[in-house]
Structures are given as structure tokens and as C-alpha cells.
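S.K.: Using only what follows, build the 3D model:
(chains A and B)
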Amino acid sequence: MSGFVSKIADDIENDGAAVTQYLEYEPPEVNMTELLRYSGFPLIRAKAIADGTDDAPDVLETAEKAAKLVEGKLSFKVGYKIVTVKRDEEGFLILPFQQHSEKLKMNMKDCGKAVLFAATIGSGIDMFIRRYERTDTKMALYMQACGAERAEALCNKFNSDVKEAARLSGYKAHPRYSPGFGDLPITVQKEFLSLLDAGRRMGITLGESFLMAPSKSVTAIIGLERL
Amino acid sequence: MDIREYMKDHFVILDGGMGTLLQEAGLQPGELPERWNVTHPEEIVRIQKNYFDAGSNVVLSNTFGANGLKFDDDELKTLITAAIENAKKAREESISDHEKFIALDIGPLGKLLKPYGDYEFEDAVAMYAKTVRYGVEAGAELIFIETMNDSYDTKAALLAAKENSNLPVFVSNAYGSDGKLMTGASPASMVAMLEGMHADAIGANCSLGPDQLIGVIEEYLEYSSVPVLLKPNAGLPRAENGKTVFDVTPEEFADSIEKLMKKGLRIIGGCCGTTPGHIKAVCDKAAEMEPVPVTEKEFSLISSYTHAVEFGKAPILIGERINPTGKKRFKQALRENDIDYILGEGLKQQDAGVQVLDVNVGLPEINEPEMLVNVVKELQAVSDLPLQLDTTDTAAMEAGLRAYNGKAMVNSVNGKDEVMDAVFPLVAKYGGFVVALTLDEDGIPATAEKRVQIAEKIIKRAAEFGIAKKDLIFDPLAMTISADTTAALATMKAVHMIRHGLEVNTSLGVSNVSFGLPVRNIITSTFFALCLEEGLSAAIMNPYSTEMMNVYYAFKALHDMDENCMDYISYTEKLPEMVPAGSQAASGSAAGGASSASQPAQNESSVSELQNAIVRGLKEKTGNLTKELLKENKPIEIIQNEVIPALNIVGEQFEKKKVYLPQLLMAADAAKAAFEEVKLIMAESDDGGAPTRSPFVIATVHGDIHDIGKNIVKLILENYGFAVSDLGKDVPEQDIVDEAIRVHAPVVGLSALMTTTVPAMENTIKLLREQAPWVKVCVGGAVLTQEYADSIGADRYCRDAMETVRYAEELEAAMNSENG
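M.R.: This next block holds a predicted model:
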């Protein structure tokens, strides 16, 4: 069984297990098409360049160099907590932080539980981005793309573990939903992160304007619907 | 009794977990535990009394999160005072009769400092200072800084403790499972920094159980000359029936700790999940053991925020290129505050293989303290190499040492009393590894023996300031043999005597030896080899010199300092790339010519070779071709007839979506290489700066730290010849206005990536309208649209870099037609 499926399944079944758990993943495989997409190419071009059927000079080489440079310099951490979902009289979710998001309400329709998680690839990537921001803008762009791809890959890995764990426990996982999307304000980050003790345990902190540091960090909610 | 006395010949037992016990007592999630000092003092006293009864020598006040970010000053003072009172009460009520101390507990502020986050180092120092002052007033007997996961934050807290109290300070960091702090520091690098700043005990706490922290503690024990502490969790937390449980029992906990006590661990407690039971079990072990003595370690270490560099084993290369002496281009960069150029020099040297960067930014007409701090911070944001701060300005030295993240190398002191009295106190305060020149009031002695005498005097003097011999490195001064052919012999002899007689490290600026001679590299590199053989520990040198690097790698291989000759082999594999620039230029342009002949031209046959190189983003070739062209053409002609047309071709292709952002940037990069060649020529000819168009002020607004989009726009604007003032990211509103006024910019570009920072953009525009009404404002960034731009009063929304260029050109044309 891949990743942490059985561990997560245990936590889903362990009713009301509102204890934050911390996982460390192996580096997921790099998806070059995604990396190129994040650096500004449309999907079709990105795919062609990644396949080698479009020989834009130096593009693939530079993107690969960026991926290679950060290899081994990142960590892949996830902190999560499984909570039982309650709703107020208007049907808004009662979460450990206040919000009145219609979209989240819709996204979490029929969900009795939710996985709240934060994921980060650590501050190593920010060092690379900063380094090239000052000296090589093109490389900075690829580094940025690389970080986005790595963070997304980590979220996807965790998300697929949650999906599988949910299935084993008789649940269906809804698509993940992040603070800052739609009408769920980014300001909930503060309580979201403190709920997961993400500062102390994962090194994720919040800046003045609710930006997370390290920058390649993600928080999200995954609704679990009983089947 | 002072705990420093007590711990000389006793184990010190700390307390255990607080958070989990408070939760059991009814602390609700989200409730701030520090408030319980006032609302539930009896619970705090009960828990702390239990720890004293179980055998704790030190109880930490319940002030982990008591800082000025969470509480206003009045409440902060009340909570800290109450917390210390509670701990004292617990001590009075305790039934056991061993030595007991009350520590002011300080946890991290929960803000990541710049450059990782957005919080200023000095703000952090000020914030910690408040907590320290209230704790001292309330009667704390020591300060315990704990769970720090960033080295810079740790330095801020320790500095605040030292500057606002005379209490002993213990410092404990939280390591991840990779054995590093969250922002990358290794245990050895923390030992170097914390010892340098005179922490009284250092070590690790939280995050993991005792067994997972064995490696970390062993590294502390290897390097540390002060007592080492450990306060681990009771293993990893697990959910059980909705409650957090920790798996390690008191007996298992004590067994694991015992192994480390046998290796030299002196100060022990527990963190999350540990209870008085765990502490009792550890006390029982301690009662049956003799503590291993703490010994003085003889490592000469400096550190960056990630790793330590040790002197005295394999020779250390210190890159000398960040220095304006004799470098017109570098002076120009300093005058124009062109930090990027300086960073480029640093990173190039890192790539060339140096382990330390010398940083000298002294120029009479600039504010050196400010510049040094700026360069130190900027360099540390992009490079993990330790730095050598090279200045004769004491104010700059202090400012640089204070801002430095780690333990820096200090260049330099000498035998003059006045200089030692100025520099040694700084090193004593901030830590440092000091280069000491063997000269004094009478100048540089001719003989090796006299230089050694000065070295002895310096060692003695340093000791009076508490600076150990291991933190000195002597430079016995290389002088040119063109003036005195015995000069090199005296230097080599001095290196030998200092290294082997005084047993201290040595360093040299080796290149002086060949001054005034032809083909200096031959003499310099041979001298370098001879000095290494005499025991030279480090050299300040030019890493772009192949001859010098040859000597370095060969010496290491020949001296059994290079396992399986791997460094040497990988060095030789890179050698062809290091062929001197002149010969490469010739072969480069020849090869380039051939390849471009076989390639169809991008547009029409009118596209020149240089234009083609830029369009295709061939950086090196562009540089070489420009160099060739500059021999016969004026810089301005090359820019107007070659570079700008090429950029226009790419710009149009980008607008038509034939090429994409990465390719646009590659072309911009290539164009930059052409500009760099032009700048070199201009710096040589002294006719003042590159030709530029109108000014353009650009910034990412206050609160926003996204830089790339803005940098892309800046790069393209610069390519088009605009005089861009880049204020960076997270820029206060007024700074942007001030700069617009200073350069009288017709246009300001603002970038924001987040909806939360658009208000800052709006405020900036308002201020600009009031104070610089002539300025047009264009805005860009992920969240912006034309509508949004209109609503905050911007003049134009620019979707991308090319649109910004077009807008700036438009404004310039309008201005010119007005004037003309």
C-alpha cells in the first residue's frame, strides 16, 4: 500500500481523532510537463517540449537543470487533522475557525468529516528562488515553477492517499479546497495553521499579509462523505 | 547559588512537558496558556511543584509564547511577573531539598525572519528584549531560549537576552528528522554561533524523541565547549480515542537519556508528552552516575546559517573578488548601489569552489556600515557560504557582525593596541573568527621571529577579552619579492613558526607576493603551494585563477585530504570550462558563426548574427559577439542597431504568442550579456554610466514578497534602456514616493500578487497623487485586472512585461513631443 494510506484510514475510523499527525513523504517524481506549464507555456507546448517533440532551444535543458539543482534540498511534509463536521442553522460549516463560505459549503455537501491539512516543501526552495531572482531571472522563473510543481505533487500524493484511505473506510473524498479560493477568505490561514501547530511542527509561518513562509506551502480541506 | 557554579560538577535536571498537562487540567484549544498564569495560578503551581518534587533543578516559567506580538505591554508584564511568581511559589511548596532554579522560558515569536519571511531581525531583537526585561524584573534566575527552529531567530533571542540581562542563558533548538533546523542549520553551525555569543549551555529540545536526537546531540558533544542540554519529546504523538498520546514510557525515556549522559550530556529534561514520571526516572539514573567533564574543544569554526567550516584541516579558500580595490566596474556597482552585481561576484566565486567569501565594500564616498549590512543580508539571502567581513571601519564591523546570520570571519585586527581595543570587544559580543595581521605600531617587521612575537602579543591580548586562540587566524603578511627577494622566505618561515610553534591557524593574501612581476600567476600559485606545505590554513585568493585552483586540488590530493582523489577528479572534469576568457571568445564566435550559418535566420536576411544570438537566447555567444563589435563600434550604436531591434523581434513574437515567457527571458538574459560588455567598456572609459532612457521606478508593494513578476518587468525594461530604480519587494508606500521624487520618474510600476496587498497598492497610488502628481502609475500582478486597476486609481493595467515597455515608451514619446 502506497504512502500512508493505512495510517490515514485508521485516523478516519478512529472517531473524533482530532490529533494532528505529521507525515514526511519521499520526493514524488518530477512531472516536467507541469513544471513547464507553471513556467508559462500552454499545456500543449509544455507537453511537446517535455516529450522532446518541440525543440525550443535550451528550454527543456534549463528546466531540467532547475529540477536537478533542488533535488535533495527539499522536504515533503504534511500535517493533518481529521475533524467531525458540524453545521450551523444556515448550513455553514462549523470549523475550528470562523467562516461563511458558500462555496465551501457546496464543496463539502453531505460530508460528515473533513481532513484539514498543511503541506510544505520547506524553505530550501525559497533560497533557490531568491538566489536566482537576483542573478538570473529566467532561472528564477523555472525555480518558481519547480517549487509550484513540487508542492502540487506533494499535495496530490497526500490527496490520493486520503482518497484511498477514505475508500477503505467507506468514505468518498471530495476535491480539496484551500483558503483564499473563492469566498473562503485567506485570513482563516491564521487559525488554520495554529490548529495544526504548523509553525512549531512544520515551520510554516504567516506574514503580515497572510502569505505563508516557506512560500511553497499549501493548506486545504478535504471533505469526506460517508458512502 | 548561580546555576553556572552548580552545573560545573552536577547534572542539571530540567522540567518536563507543560502543554499536555495544561490540556489535561482543562486548557481549551485556542486558549493562550500564558493567561493561565493569572486565571489559574494554582494549576501552574501544582504542575511546577510536581516537577520540583520529581527532582527538577530548573523549572521553566509558563511563558513560552509570552511576547509582544501576542500581548500588549501591560498584559505581557503582568503575565510574565505572575509566571515567575508561580514558579517561585512552586519552589517554596516543594518538599524536596535539592538545588532549585527558576528560568524565564522564551519560545519563538512565530514569525519567520527575512529573507525567508517578512519579519525584521532588529524587530525580533526588540520583541525578545521586552520579554527578557520583564522576566529579569520579576526575578528570573536564568533565561531558557527554546524550540527555536531558525538560526537567525535564535541569534535575535540570544542577543536580546545578553543585552538586557546578566543572567545565564541556555539555548535550545528544535531539529527535524533530517538533523537540521527548519531553515537548514546543522548542529555544528549552531554550536559555532552560540558559543561565539557566549551562551552558557546549548542543545536541542522538542520535535522528536530521545532516540531520534542521538545524532544531533553527538554532534553537539563533539564540538561544544559548553555543557550540552537535551529536552526531547516522549516519542512521537499518536491519536488514541481522540486524545494525543506519546509512546515512550518514563523507563524507556530514562534508558535512552542514560546512553547520552554517558557520552557527556549534562543538562536533561523533557518536552511534549513528558511528565514528572519521566523526570523522576531521569533523576534516578543521574543519581547513580558521575557527569562526564565538559572539555574545551579545539575546533576553529565559522558558520553560515546552514553549515560550519572548520579551519586547520584541509586548506580553506576565501574568495577575494568582493572588493573594490583596483576594480572600476566594482566601484561603479557600489556607487550605483548595484547589489545584484556584487551578489553575482559572490555566486560566481561559490561556483568556482571557494568555501568563504571575503566582503569588502569600503569606498570613501559611500556609507560603509549601511552598505556592509545590506550586502551581508543580501548575500546571505542567496548564498549559504560563511562570510569574512573585511573592513577597517569599526562601526561597519559592528553593524555587519550584528546583522550576520552565523559566526563570521573578521578581517582584521593587528598588533596595534588601538585596533585590538576596538575590534576584540565586538568579537567578544557577537562571536567571530579573527584574522590577525602580524604588524604593529612600528609597521611590518622584516623577520619571521618579530612577526611571531607580535602574534604572541595578540594571543595574550585576545585572551583578556575572553577570545580563545582557536578563534584567531594569523596573517603573517605576504610582501612582493620584486622589492625584496627575501620577502617570501620570511613569510613562509613565519607561517611555519605560527602554525607549528604557536599552534594557531594561518592565512595569507597570497597574490601580493608577485606584485610588479610579469605573468604573476606563476609566482603566486607556486608561492601558494610552498605556503601550504608550511602549514597555511587558508588563503584569500582569486578563484578564477586556474593555476591557483590547480595547486589547491593537487595539494589536497597529495596530502591525503581528498578521499579517492574524488575532488581532484571532478575538478579536472570541469577544467575545459575554465579556459581563460580570451581564448574562449575566439573559439566561441567561430563555432557560433558556423551554427548560425546552418540555421535559417529568424526573420529576414537583415537580421545580424548578434541579433540572431539574442533572439535565440544564446547568452555566451551574445557576450562574445558584442565584445568583438565593441572593438570597432561605439557602445550606443550597438545598443541601438543591434540589441534593441533584436529585443523588438522577440517582443513581437511574445505578443503574438509565438514564444513564451521563458524564451522571452532567455533573450533578455542574452541582451543583458551584451549590456554587461558595454558597461565594462564604459566603466573603463570613465565617461559615466551607460546611456539610458527615462527613469522608471518599480516595486512590489508593502506586505507582498512576490518578486519574480516584478523582476521580469524590470529586466525587460532595462533591456530597453530605461533607468530602472528597483526598490525590491515589500516596499513601504513612502519609500516608493520618495524614490519617484528623487529620480523625478515620469512613471512608477507597482506589483501585487495577492488580494490582501492590493490595498497597499491603492495607498501608494494615493500618496503618489498627493506628493508626486506628475507620476503615471501602471500596475500588474496576478490578481489585477483592468477593472481592479481602475478602481484603485491606477493609470494603466499592464498585463505583462512587454505591455509595460510599450506604456513607458508611449509616455516617453509624449514627453518628448511636449518638450520638442
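
S.K.: Counting neighbours, what do you get for the residue of the stretch 51-200 of chain B found nearest chain A?
M.R.: The nearest approach of the stretch 51-200 of chain B to chain A comes at residue B:182, 3.4 Å away (C-beta to the nearest C-beta). Where C-beta positions appear, they are placed from N, C-alpha and C, glycine not excepted. When counting by other C-beta atoms under 10 Å in any protein chain shown, one arrives at 31 neighbours for residue B:182.

S.K.: same deal with the one 3 residues further on?
M.R.: Around residue B:185 sit 29 other residues, with neighbours defined as other C-beta under 10 Å.

S.K.: Could you report the pLDDT at it?
M.R.: Predicted confidence (pLDDT) for residue B:185: 94.

S.K.: Name the nearest residue to it, sequence neighbours excluded.
M.R.: Across the structure, with C-beta to C-beta, 6 or more residues apart in numbering or on different chains as the measure, the residue nearest residue B:185 apart from its sequence neighbours is residue B:151 (4.2 Å).

S.K.: Can you tell me how far the one you found is from residue B:748?
M.R.: Note on residue B:151: its distance to residue B:748, by C-beta to C-beta, to the nearest Å, is 37 Å.

S.K.: Same check on residue B:803?
M.R.: If you measure residue B:803 against residue B:748 using C-beta to C-beta, the figure is 15 Å.

S.K.: Kindly report the same for residue B:729.
M.R.: Taken as C-beta to C-beta, the spacing of residue B:729 relative to residue B:748 amounts to 15 Å.

S.K.: who has more neighbours, these two?
M.R.: Set side by side, residue B:729 and residue B:748 show more neighbours around residue B:748, with 27 against 22, by other C-beta under 10 Å.

S.K.: wait, is the more buried one part of a helix?
M.R.: No: with the criterion set as DSSP: H, G, I helix; E, B strand; the rest coil, the secondary structure at residue B:748 is strand rather than a helix.

S.K.: bridging residues for it?
M.R.: On the basis of DSSP bridges, residue B:748 takes part in beta bridges with residue B:697, residue B:777.

S.K.: in the chain, what spans have low per-residue confidence?
M.R.: Assuming you mean chain A. Counting by pLDDT under 70, the low-confidence segments of chain A come to A:1-2, A:15-18.

S.K.: other chain: chain B
M.R.: Low-confidence regions of chain B, defined by pLDDT under 70, span residues B:239, B:241-242, B:576-606, B:685-692, B:820.

S.K.: pull the longest helix from it.
M.R.: For chain B, the longest helix by residue count, based on DSSP state H, is helix B:661-685.

S.K.: residues near the closest residue to residue A:197 other than its chain neighbours, how many?
M.R.: In space, residue A:197 comes closest to residue A:20 once its chain neighbours are excluded; the distance is 6.0 Å by C-beta to C-beta, 6+ apart. By the other C-beta under 10 Å criterion, the neighbourhood of residue A:20 contains 20 residues.

S.K.: quick revisit: show me the contacts for the residue nearest to residue B:185.
M.R.: With contact taken as C-beta atoms under 8 Å, 6 or more residues apart in numbering or on different chains, residue B:151 is in contact with B:173, B:181, B:183, B:185, B:189, B:190, B:193, B:305, B:405, B:406.

S.K.: sorry, back to before: contacts only, for the residue of the stretch 51-200 of chain B closest to chain A.
M.R.: When contacts are counted by C-beta under 8 Å, 6+ apart, residue B:182 is found next to A:122, A:123, A:202, A:203, B:149, B:150, B:174, B:176.

S.K.: Just the ones of the residues you listed in helices?
M.R.: Under the assignment DSSP H, those contribute residue A:202 to helices.

S.K.: Confirm residue B:104 sits in a helix?
M.R.: No: following the definition three-state DSSP, residue B:104 is strand and is not counted among the residues of a helix.

S.K.: So it sits against residue B:133, correct?
M.R.: No: at 10.2 Å, residue B:104 does not count as touching residue B:133 under the criterion of C-beta atoms under 8 Å.
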